[in-house]
Structures are given as structure tokens and as C-alpha cells.
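sequence first, predicted coordinates after that:
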Amino acid sequence: MTKKAMLVVSFGTSYHETRKKNIDAIESEMKNRFPDYRHHRAFTSGMIMKKLKNRDELHIHNVREALEFLKEEGVEEVVVVPTHIINGYEFEKVIWACQENSRSFHKLTISRPLLSTTDDFREVVEILDEVYDFHDGKAVIFMGHGSEHHANTAYPAMNFMLQDTGRGNAYIATVEGYPSFDMAVNFLEKKALEEVKLVPLMLVAGDHIEEDMLGDDEKSWKSILLNKGYHVEGILAGLGELPKIRQIYCRHVEEAIAGKGLTMKGGKTHGVY
């Protein structure tokens, strides 16, 4: 058995189809790109893991459980691959769990989330423009999750880059952070565009996308925009469905293996994220 393992860590989702299209797709990509590693999965959302266990009798390891399992299996080196979007609270949970278990392995390396560097921002903006066309006369409003964590600044930074690169019809709003959906509505009123595409800026198209963004409830983003007279097109596809986004995660893993990520060895942590 190989003594090297790759642990792909996602927030998780209770929606089977979007899990297959996004999380499974990333994990498959990792298996194809890094065949010398044993591959394993973990989630960071306790709520999602509890729901899957109670509803489907499906037990998914959290990061601590996964690392303990790999240690018992004789693994000596682990590359941890967070599929989170920003370096926020969920990513920090991954780091803490790795630090607690770092002495169990010869080396433990953590790759970066999707939006970690300026080059990441630039590449993601170009991919999204290529897929969703920011120049067809329609507005494109993305739904990110958002949080109170300082890493939430990734979203306004992305908006600045969209404007700065001539993609002024696109705007990123968040469910729980800044910028808000009300700010997206103000953006649309200033643009005076009649048609709007609503697009997830989340790894999976789960509860927030199906309910908060595209649900029929009067408080959903779609319903609010329809009531304001906009023509709304909803996109039900997570970022993990986009091959070029999956390639960014693979690049981050290659960089981490090359020593450009966060490495824990002998109880000490090296590098930055």
C-alpha cells in the first residue's frame, strides 16, 4: 500500500446530484492527475455530515477523523486539498485539524483554496467570462456565500477586478457577507439592463442556490428580480462542474507538493497561505 495519501476536503452538500457533478468530479480529477496517492474524502460541515448520516446512513469523515484513519492505515505523508472558495472559517478548521495531527505523519501539506492569490482571481474571472459571457447585453449576478471573516474581502476584490477589466455587467453578491444582494439590486438599477443571469459562485449548487437564489419563495433572488420586472435566467451549476476551475485546484496541489503551500513537519508549520 502506498504511504502517501491525498485528502480532498469539501464543505459538503446533502444534494446527491450536485455532489456527483462537483465534489466527485474534483476528486476524480485528483485521482487522475495524482495516481501515486491513495485518495480519501472529508467534509467540514458538521450539519451536512449529520444530515447525511441520519437520512442516508452515510458517514463522511471530518478532517480529524480522516487523518486518524489514514494514520491507522500506515500513511506517512498527506496532501490535504481544501476545495473551499476563500481562506475563511472553513479553511481554518482544516488547518487546525491538521496542526493537531501533524505529529502523526512524516509530512503534511495543505494546498490553497480557490481564491488565494491575485493570479487566482484573474484566472477565475476569465473562466467565468468565457462560460457565462459578460458581454451579451445581459447582467450577470453571482451568488457567493460570504462571511464575517476577513477573507470575505475576496468578493469585493473580485468585483473591483471585474470592473477594472471591462466586465462591468457582472457583479458578485453574497448570502451572508459583503457585498449584499441589495447592493446587487442597486447595481442593476444603475446599469438599466433588462435581462439578468443568476449564477452560483459556490463549489456546489446546493441549498443556497436552489432555495435562496432560484427558489419560488418571495424572498429568493429570482422572485425579487422578477417582481421588479427583470427577465431572469437561472444557472444551476456549481463551480466544480467547470473543468478549468478544477484545473486551478490541481495547480494548487502541484504548487503545494513543490513546497509552495503550507507544510507541517515534526510538529512545526512552514510556509504561508
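Cool, got the structure.

for the rest of this, base every contact and every neighbour count on C-alpha atoms.
Will do.

what's the longest helix along the chain in contact with?
When the chain is parsed with DSSP state H, its longest helix is helix 118-132. Defining contact as CA atoms under 8 Å, 6 or more residues apart in numbering, one finds that helix 118-132 is touched by 114, 115, 140, 158, 161, 162, 244, 245, 248.

also stretch 253-263?
For stretch 253-263, contacts defined as CA under 8 Å, 6+ apart pick out 79, 81, 107-112, 269-273.

narrow these to those in strands?
Among those, DSSP state E puts 79, 81, 107, 108, 109, 110, 269, 270 in strands.

right, and the first one touches residue 5 too?
Yes - using CA atoms under 8 Å, residue 79 is in contact with residue 5, at 6.4 Å.

tell me where this structure has helices.
16-18, 25-33, 46-56, 63-72, 89-101, 118-132, 154-164, 181-191, 207, 221-227, 243-255.

which of those helices has the lowest mean pLDDT?
Note on the helices of the chain: lowest mean pLDDT is at helix 207, with a mean of 91.

distance from that helix to the middle of the chain?
Distance of helix 207 from the chain centroid (CA atoms, centre = their mean, to the nearest Å) equals 14 Å.

do the same with stretch 63-71
Averaging C-alpha positions (CA atoms, centre = their mean) puts stretch 63-71 22 Å from its chain's average.

ok, and what's touching that stretch?
Identification of contacts with stretch 63-71 by CA under 8 Å, 6+ apart yields 5, 7, 9, 40-44, 94, 97-98, 101, 104-105.

residue 20: which of the residues you listed is nearest?
residue 41 (13.1 Å; CA to CA).

what sits closest to that closest one if chain neighbours are left out?
Spatial nearest neighbour of residue 41, excluding adjacent residues (CA to CA, 6 or more residues apart in numbering): residue 8 at 5.1 Å.

model confidence score at the one you found, please.
On pLDDT, residue 8 comes in at 98.

what do you get for residue 272?
We have a pLDDT of 68 for residue 272.

got it, and residue 260?
85.

neighbours of it, how many?
Counted with other CA atoms under 10 Å, residues neighbouring residue 260 total 19.

quick one: contacts of stretch 151-159?
86-88, 115, 121, 125, 144, 146, 170-173, 177-179.

what subset of the ones in strands among the contacts of stretch 253-263 is buried?
With burial judged by 16 or more other CA atoms under 10 Å, the buried subset of the ones in strands among the contacts of stretch 253-263 is 79, 81, 107, 108, 109, 110.

from these, pick the one nearest residue 196.
Looking across those and measuring by CA to CA, the closest to residue 196 is residue 81, at 34.0 Å.

just give the nearest non-adjacent residue to that closest one, would you?
Counting by CA to CA, 6+ apart, residue 8 is the residue found nearest to residue 81 once chain neighbours are left out, at 4.6 Å.

tell me the contacts of that neighbour?
Taking CA under 8 Å, 6+ apart, we find residue 8 in contact with 27, 39, 40, 41, 42, 80, 81, 82, 83.

quick one: it from residue 74, how far?
18 Å (CA to CA, to the nearest Å).

what do you get for residue 163?
Relative to residue 74, and taking CA to CA, residue 163 is found at 50 Å.

do the same with residue 218
53 Å.

and for residue 156?
44 Å.

I figured residue 139 was touching residue 196, is that so?
Yes - contact criterion CA under 8 Å: residue 139 and residue 196 qualify, at 4.6 Å.

out of these two, which sits in the more crowded spot?
It is residue 139, of residue 139 and residue 196, that has more neighbours when counted by other CA under 10 Å, with 25 against 22.

show me the contacts for that one.
169, 170, 171, 188, 193, 195, 196, 197.

redo that, cut-off 6 Å
169, 170, 196 (CA atoms under 6 Å, 6 or more residues apart in numbering).

what of residue 77?
Residues near residue 77 by CA under 6 Å, 6+ apart: 4, 105, 106, 107, 108.

TSV for those residues, including distance to residue 231 and pLDDT?
Listed next are those as TSV, based on distance: CA to CA, whole Å; pLDDT from 0 to 100:
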residue	distance to residue 231	pLDDT
4	51	97
105	54	95
106	56	95
107	53	94
108	49	95
